[in-house]
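>>> return atomic coordinates for the entry below.
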Amino acid sequence: MQTILDWISAHNAIIYIVILMIFLGIEVISRVPSVLHTPLMSGANAIHGVVIIGAIIVMGRAESDNYVALILGFLAVILGTLNVVGGFVVTDRMLEMFKKKK
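Modelled structure (predicted):
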């Protein structure tokens with residue numbers, strides 16, 4: 001427990017930045033009009049593709065006894081993949097709205 005508290009106190013600036021990024025991201029995303037959803041989703045898919053590759057690299061370079069890095073890398077791969085697939089599904093549904101009906 002003490003090591004966790006020491007890590008938090010040593011990295012509190014990074015923790016504050018991450019928390020502020022979360023709030024800023026929620027604020028920006030909530031104000032996006034629906035017309036811009038498809039292009040922004042394509043950009044998000046590209047970014048999460050890079051996240052997946054980075055997580056695979058982190059897992060490959062992590063030592064076999066570093067369970068924290070392996071678990072976080074695995075979660076990043078899973079969540080990034082879910083986000084990419086979900087983004088493609090949503091983008092496909094949005095594009096279906098603009099097709100001519102037969």
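
>>> helix or strand with the lowest mean pLDDT in this structure?
helix 37-61 (a mean of 81; mean pLDDT, DSSP states H and E).

>>> got a list of contacts for that helix?
32, 69-70, 72-74, 76-77, 80-81, 83-84, 87-88, 90-91, 94-95 (CB atoms under 8 Å, 6 or more residues apart in numbering). For glycine as for every other residue, the C-beta is placed from the backbone atoms N, C-alpha and C.

>>> just the buried residues from those residues, in ChimeraX please.
The buried residues among the contacts of helix 37-61 can be selected in ChimeraX (16 or more other CB atoms under 10 Å) with this line:
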select :73,76,77,80,83,84,87,91
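
>>> out of the contacts of helix 37-61, which are inside strands?
Nothing among those maps onto strands, per DSSP state E.

>>> distance from the chain centre to the least confident helix or strand of the chain, please.
Remark: helix 37-61 is offset 7 Å from the chain centroid, using CA atoms, centre = their mean, to the nearest Å.

>>> go on, stretch 15-22?
How far stretch 15-22 lies from its chain's middle: 14 Å, per CA atoms, centre = their mean.

>>> so, low pLDDT: which residues of the protein?
Along the chain, segments meeting pLDDT under 70 span 37-38.

>>> may I see the domains of the chain written out as residue ranges?
According to automatic domain parsing, the chain comprises the domains 1-31, 36-102.

>>> go through those and pick out the most buried.
Most buried of those by mean neighbour count (mean count of other CB atoms under 10 Å) is domain 36-102; its value is a mean of 13.

>>> can you give me the end-to-end span of that domain?
End-to-end distance of domain 36-102 (CA to CA, to the nearest Å): 26 Å.

>>> now what about the helix or strand residue 24 falls within, what contacts it?
Element membership for residue 24, per DSSP states H and E: helix 12-30. Helix 12-30 has contacts (CB under 8 Å, 6+ apart) with residue 8.
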